[in-house]
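Chemist: What shape does this take:
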Amino acid sequence: MSRLLITGLVSCLLLGCQAVVPVSQPAPQSALAAAETMTASQRLNQWLDEQYEARLQMSPMAMTSQGRKDKYDQMDDVSEAAAERRLAWLAASVETLRAEFEYAALDDQAQLSFDLWVDEYERSRAAWEFRGSRYVFTQMMGVQSQLPNFLINFHRVDSAADMEAYIKRLSGVSHSIEVLLQQAQNLAATGVRPPRFAYAAVISEARNQIAGAPFDAGAEIAPLWQDAGNKVDQLLASNSIDKTTADRLRSAARDALLVDLKPAYAALADWLTADINNTSAVSQGVGSLPNGAAFYAHSLRARTSTDLTADQIHGIGLMEVARLRAEMTTLKNSLGFNGDLKAFFDYLRADDQFYYADTDAGRQAYITDTEAFYARIKVQLPDYFGLLPKAELVVKRVEAFREQDGAAQHYSRSTADGARPGVYYAHLSDMRAMPRYLMEAIAMHEGIPGHHMQIAIAQELTDLPKFRTMAFSTAFVEGWALYAELLAKEMGGYEDPYSDFGRMTSEIWRAVRLVVDSGLHAKGWSEDQAVAYFLDNSAVAETAARSEVQRYLVWPGQATAYKVGMLKILSLRREAEEALGDRFDIRAFHDVVLGGGALPLTLLERRVRHWINATAARSINIGTLPANL
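Modeler: Below is the predicted model of the structure:
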């Protein structure tokens, strides 16, 4: 059989569909001729695109996030059986890849693609081995808020059919929660439960989803009911539907909310409420769980794409904290502050001049000033980048149903065609947790030249296999965003010295993460001990510090990727500057880093070094050409 037929049969068998073997037909002569003229690298790229499309078809939600409407009325299958089928499919694709493509015949870019496809499988296989150690519902990752957010912000409604698909997905949300609740109950029976604060947060979020109309007679309107009504109103206003259809769609959405969604959310909240006393009264890292030490070591490898141990990461963090404290002390002294660094932190936390008013006007001012930062930095982009994103970036406040005091700002990706812009989301429910001196650095991290720059450019690349434009490596993605904070200073940002101190605060924040994350999960630190270390070494508000520590407790290893990734990018830049001297071009360096998609750090290192060697070789060749040419 042909490779494609084998792949199709494997997909059908894994997904439970009926496999029918067609009679082989001769390929058209034009197709055969085209295949014969393709290089090995071009054949690989074509094959990878076919594989990625087959893989994407297993995730209706991923297709929606990319702006597509395939399987628009379906949610992802979140069962363990489905995850096992997807892993088996990926394993089979890697076997085919190794059997049908000669690695040595591929060019450097195609070899990177080959290795990345294998790496994604190996990471998935390693994660599967630790499926019994994960947390299902937390304040950071739970579908109790992620799925409503998906429907509200990603499911675009342009027709009655789109709205009908939305209504079916409302029932799909309920099914997903039921499946995941069973998984959480199974894990709890083995002693794997997230900390008590995570239970409390999820209970609150679940109750909020089914509070207000149409669930009760309160004055508030439930988020999904509000969104469903808005989407129907927009169809009616655009004359896409008539009033009779609008009434039918509203009625169907109401039924889905009351009959399907409410019981699922109520069951989740009820079980968590009944089980919460089985959690530890003192929050503990995953090292306290069954197989916890091995799980944390795996988490560090997965997040950093390195073999760094918890002890090594802890040591790097301590050194970086010491270095940054020295730089912060120098800047503090230049501002004329006479106290020590801790006193300066206290001053920044307490003085009203560093905060916006805790009012709607203050929140809007935060958004408006952030937009102004972006306007200024965009003017500088052509001097530092050849590749620029086509998709726009907008700034929004986080929706009320998922907003949390002190929670980290975050980015939501654009679509590759730019139809949906990238969004920088700000948690603004507690303005004392969002000081002015930090906002510029955070904006640079989340938007331009940070996450939006990197992710939008990757999605818009046309010379790579599709899967590479959508790939995700935590150390690369977060390392770039932290590097971007520092790069913004080079680009003329942080004119206010307090904002520059905020940049240092943001960087030491990520250095503290190395110490605290490894402390919590590998060294037995308590939550309060971690918060105290945070406050001693940064100017962030206590609310934000505790929110951060609680994030690390439920998301082991993730927070270490930022500084590890940044340090690698800085190291590669220094290596390029030293090797190329006057021939070093910052625009070319950034294009090499961003132009390959989000690579694990080992593959990024290989790509940059290949560029360094190729650039040096071109320079030598040009230098030896005869003068009359």
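
Chemist: Averaging pLDDT per element, find the lowest-scoring helix or strand in this structure.
Modeler: helix 3-15 (a mean of 29; mean pLDDT, DSSP states H and E).

Chemist: hey, where'd the helices end up in the stretch 351-500 of the chain?
Modeler: 360-380, 436-446, 451-460, 466-469, 474-490, 497-522 (DSSP state H, counting those that start in this stretch).

Chemist: Next one: the closest residue to residue 209 other than its chain neighbours, what pLDDT does it get?
Modeler: Nearest non-adjacent residue to residue 209, counting by CB to CB, 6 or more residues apart in numbering: residue 265, 5.1 Å away. Yep, even glycine has a C-beta here, placed from its N, CA and C like the rest. Listed pLDDT for residue 265 reads 96.

Chemist: what residues are up against residue 265?
Modeler: Residues counted as contacts of residue 265 (CB atoms under 8 Å, 6 or more residues apart in numbering) are 144, 174, 177, 206, 207, 209, 210.

Chemist: which of these lies closest to residue 579?
Modeler: Closest to residue 579 out of the contacts of residue 265 is residue 144 (50.3 Å), distances taken as CB to CB.

Chemist: which residues sit in contact with the closest one?
Modeler: Contacts for residue 144 (CB under 8 Å, 6+ apart) come out as 137, 177, 202, 205, 206, 209, 265, 268.

Chemist: Narrow the residues you listed to those in helices?
Modeler: 177, 202, 205, 206, 209, 265, 268 (DSSP state H).

Chemist: The third one: neighbour count?
Modeler: Just to be clear, that refers to residue 205. For residue 205, the count of nearby residues is 22 (other CB atoms under 10 Å).

Chemist: Was I right to think it contacts residue 143?
Modeler: No. Using CB atoms under 8 Å, residue 205 is not in contact with residue 143, being 10.2 Å away.

Chemist: any idea of the pLDDT on the residue nearest to residue 70 when sequence neighbours are not counted?
Modeler: Ranked by CB to CB, 6+ apart and with sequence neighbours excluded, the top spatial neighbour of residue 70 is residue 63, at 4.8 Å. On pLDDT, residue 63 comes in at 96.

Chemist: and residue 63, which of the three is it?
Modeler: helix (DSSP: H, G, I helix; E, B strand; the rest coil).

Chemist: For it, grab the count of nearby residues.
Modeler: Residue 63, neighbours per other CB under 10 Å, totals 18.

Chemist: count of neighbours near the nearest residue to residue 520 once chain neighbours are set aside?
Modeler: Leaving out its chain neighbours, the residue that sits closest to residue 520 by CB to CB, 6+ apart is residue 285, at 3.9 Å. Other residues near residue 285 come to 24 when the count uses other CB under 10 Å.

Chemist: isn't residue 285 right up against residue 296?
Modeler: Yes. Under the criterion of CB under 8 Å, residue 285 makes contact with residue 296 at 7.5 Å.

Chemist: about what we covered before: so which of the helices of the stretch 351-500 of the chain gets nearest residue 218?
Modeler: Ranking the helices of the stretch 351-500 of the chain by proximity to residue 218 (CB to CB) places helix 360-380 first, at 22.0 Å.
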